[in-house]
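S.K.: show me how the following folds:
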Amino acid sequence: MKYILYALLLLFSAPVFAQNADSLFIRQIYDETLARGKAYEWLRHLTQQIGPRLSGSAGAQKAVDWTKQLMEKEGFDRVFLQEVMVPHWVRGAKEESYIKSGKQKTNVPIAALGGSVATPTKGVEAGVVEVKTFKELEELGAAKVKGKIVFFNRPMDPTKINTFEAYAGAVEQRANGATFAAKFGAVGAIVRSMAVGLDDIPHTGSMRYASGVPLIPTAAISTKGAEKLSQLLKENPALTFFFKQSCETLPDAKSYNVVGEIRGSEKPDEIIVVGGHLDSWDLGQGAHDDGSGCMQSVEVLRVLKALGYKPKRTIRAVMFMNEENGLKGGIGYADYAKKGGEKHIAAIESDNGGFTPRGFGIVGTASEKAKAMSWKSLLAPYGLHEIGPGSGGADIGPLAQSGTALFGFKPDSQRYFDFHHTDADRFEAINKRELELGAASMTALLYLIDQHGLN
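M.R.: Take a look at the predicted model:
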């Protein structure tokens with residue numbers, strides 16, 4: 001009888017022992033990251049010594065070279081470049097714009113949207129029609145739109161607690177506004193910046209043209225500028241808007257994803273990815289978007305190596321190229337994995353800024369979600385309460401087609417759109433402790449996946 005009781009004791013104590021071991025190691029992860037973290041100083045170099053990194057640019061290539069050298073210096077088992085061809089769009093001279101109402105000219109800040117064509121050399125000046133939806137534009141029709149500039153003025157919904165939901169509800173006008181406006185004969189499109197607050201900083205971002213419609217120039221106007229334009233239109237519907245931009249799209253350029261790897265000790269053919277996108281818009285320094293995610297991802301591997309941890313599975317830090325205006329890096333990496341017959345069991349992406357960690361969104365099977373959610377008690381002491389179904393990330397998204405479970409790192413979202421795609425996205429906007437807490441959070445999740453799998 002006593003042997004049966006002893007066996008039962010061992011059976012029920014094993015999960016408790018494992019959880020205690022996990023808890024102790026996670027504490028070590030946080031201690032190492034917060035006491036001896038390197039992500040913040042790495043980010044300082046990336047943003048201040050290299051700066052903007054739009055795909056195809058000299059800055060992007062410098063970032064590739066430096067990040068590869070960084071991971072080699074950290075002594076990872078393997079560091080390599082994966083070639084991808086990427087779009088190469090350049091902004092050109094600083095944009096000019098003003099509202100003309102009678103004899104009064106009011107300057108307003110704009111930024112050409114990525115992928116837009118230039119205006120004619122002398123710029124575009126025309127009357128303005130203001131809309132908040134594509135349906136409103138259709139109702140106006142060509143009779144009222146032809147020869148005009150369409151002003152898309154739908155704000156991000158300030159009542160949304162999750163600002164990414166507000167972004168999703170407004171961003172279609174930036175992505176597709178020029179195409180819809182051109183269908184009705186517009187000569188240009190101006191789009192309210194994707195920001196919750198009111199400021200004088202225009203937010204750039206990608207747009208796309210549909211086939212079969214004229215390519216008209218399009219730019220984002222700052223939120224304060226949008227409010228001003230809307231107000232003046234009410235006072236004088238006959239006013240005109242002038243803007244001038246000299247952007248152009250050059251032939252695709254050769255670039256690279258940068259990959260660092262620590263080989264698994266038990267199941268080396270199973271791969272766990274952690275990553276962010278190395279490219280950034282040409283405004284600012286790309287600190288929150290997404291220098292923070294890249295340096296956090298390298299830090300994950302550094303911390304595990306510093307702690308002497310031997311992963312069961314192969315772990316990779318991937319610096320994806322061209323998330324901002326093409327996603328060629330994410331697609332290329334998924335193709336690389338598929339052609340190589342690689343088995344990626346999970347991927348973690350940090351692309352929501354370097355703010356205070358809140359949790360992870362999960363894309364996967366019901367059992368994978370349940371397994372990850374069973375770790376809540378281990379992660380909750382570190383402020384990671386929001387763990388459950390959600391989104392993964394743009395760069396790791398293509399891996400889902402091969403059955404990879406996706407985890408999107410979720411920091412606090414309230415301040416992200418103060419910086420997103422703007423000149424304000426600089427190193428000074430990063431809080432060192434918040435950045436390090438995010439890196440530790442990602443390391444803890446990767447450790448649990450490595451130790452216990454997802455099935």
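
S.K.: who are the contact partners of residue 37?
M.R.: 299, 303, 436, 439 (Cβ atoms under 8 Å, 6 or more residues apart in numbering). For the C-beta atoms, the positions are set from N, CA and C on the backbone; glycine is no exception.

S.K.: should've said residue 99
M.R.: Residue 99 touches 105-106, 108, 228-229, 232, 239-242, counting by Cβ under 8 Å, 6+ apart.

S.K.: switch the cut-off to 6 Å
M.R.: 106, 229, 232, 241 (Cβ atoms under 6 Å, 6 or more residues apart in numbering).

S.K.: which SSE is the nearest residue to it once chain neighbours are set aside in?
M.R.: Leaving aside its sequence neighbours, residue 99 sits nearest to residue 106 (Cβ to Cβ, 6 or more residues apart in numbering; 4.4 Å). Under the criterion of DSSP states H and E, residue 106 resides in strand 104-107.

S.K.: endpoints of stretch 218-229, how far apart?
M.R.: Taking Cα to Cα, to the nearest Å, stretch 218-229 runs 16 Å from one end to the other.

S.K.: for stretch 355-373, what is the distance to the chain centroid?
M.R.: Centre-to-centre, stretch 355-373 and its host chain are 18 Å apart (Cα atoms, centre = their mean, to the nearest Å).

S.K.: please parse the chain into its domains.
M.R.: 28-88+251-452, 92-246 (automatic domain parsing).

S.K.: of these, flag the one that's most buried.
M.R.: domain 28-88+251-452 (a mean of 21; mean count of other Cβ atoms under 10 Å).

S.K.: can you pull out the strands in the stretch 101-250 of the chain?
M.R.: In the stretch 101-250 of the chain, strands defined by DSSP state E, counting those that start in this stretch lie at 104-107, 110-112, 124-131, 149-152, 188-192, 218-221, 240-244, 248-262, listed in chain order.

S.K.: the last one: what's the following helix or strand?
M.R.: Note on strand 248-262: by DSSP H and E, the next helix or strand toward the C-terminus is strand 267-277.

S.K.: for that next one, which strands pair with it and how are they oriented?
M.R.: strand 313-320 (parallel), strand 343-349 (parallel) (DSSP bridges).

S.K.: which other residues reach the first one?
M.R.: Where contact means Cβ under 6 Å, 6+ apart, the residues beyond strand 313-320 that reach it are 67, 257-264, 267-268, 270-275, 277-278, 294, 297-298, 301, 329-330, 395, 450.

S.K.: just the mean pLDDT for the helix or strand where residue 439 lies, thanks.
M.R.: Per DSSP H and E, residue 439 falls inside helix 432-452. Averaged over helix 432-452, pLDDT sits at 98.

S.K.: just want the angle from that helix to strand 343-349.
M.R.: 160 degrees (axes from the mean of the first three to the mean of the last three Cα atoms, to 10 degrees).

S.K.: which strands and helices sit next to helix 432-452?
M.R.: Here helix 432-452 touches helix 2-36, helix 39-44, strand 267-277, helix 292-306, strand 357-363, going by 3 or more Cβ pairs under 6 Å, 6 or more residues apart in numbering; DSSP states H and E.

S.K.: need the ones you listed in CSV (columns: distance to residue 153).
M.R.: Shown next, in CSV, are the helices and strands packed on helix 432-452 (distance: least, Cβ to Cβ, whole Å):
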stretch, distance to residue 153
helix 2-36, 43
helix 39-44, 35
strand 267-277, 29
helix 292-306, 31
strand 357-363, 30
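
S.K.: need these in CSV with distance to residue 167 and mean pLDDT, can you?
M.R.: Shown next, in CSV, are these (distance: least, Cβ to Cβ, whole Å; pLDDT from 0 to 100):
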stretch, distance to residue 167, mean pLDDT
helix 2-36, 29, 75
helix 39-44, 23, 98
strand 267-277, 17, 98
helix 292-306, 17, 98
strand 357-363, 15, 98
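
S.K.: of the ones you listed, which is nearest residue 135?
M.R.: Across those, residue 135 has its closest neighbour in strand 357-363 (30.6 Å, Cβ to Cβ).

S.K.: for the very next helix or strand once past the closest one, which outside residues touch it?
M.R.: The helix or strand immediately downstream of strand 357-363 is helix 366-373, counting by DSSP H and E. Residues from elsewhere that reach helix 366-373 (Cβ under 6 Å, 6+ apart): 362, 387, 389, 405, 454.

S.K.: closest to residue 166 among these?
M.R.: Proximity of these to residue 166, judged by Cβ to Cβ, is greatest for residue 389, which lies at 19.6 Å.

S.K.: please enumerate the helices of the stretch 101-250 of the chain.
M.R.: Remark: helices assigned in the stretch 101-250 of the chain by DSSP state H, counting those that start in this stretch are 134-145, 163-168, 172-183, 223-235.

S.K.: packing partners of the first one?
M.R.: Under the contact criterion of 3+ Cβ pairs under 6 Å, 6+ apart, the helices and strands touching helix 134-145 comprise an empty set.

S.K.: distance from it to the middle of the chain?
M.R.: 33 Å.

S.K.: for the contacts of residue 99, which one is nearest residue 83?
M.R.: Proximity of the contacts of residue 99 to residue 83 (Cβ to Cβ) peaks at residue 241, which lies at 42.8 Å.

S.K.: bridging residues for that closest one?
M.R.: Applying DSSP bridges, one finds that residue 241 bridges with residue 99, residue 126.

S.K.: give me the pLDDT value at it.
M.R.: Residue 241 is assigned 98 on the pLDDT scale.

S.K.: same question, the one 4 residues further on
M.R.: Predicted confidence (pLDDT) at residue 245: the value is 98.

S.K.: residue 86 too?
M.R.: 98.

S.K.: my read: it touches residue 255, true?
M.R.: Yes: the criterion here is Cβ atoms under 6 Å, and residue 86 meets it with residue 255 at 4.6 Å.

S.K.: quick one: common contacting residues for those two?
M.R.: residue 55.

S.K.: so where is the stretch 101-250 of the chain shaky, pLDDT-wise?
M.R.: Judged against pLDDT under 70, the stretch 101-250 of the chain has no low-scoring part.
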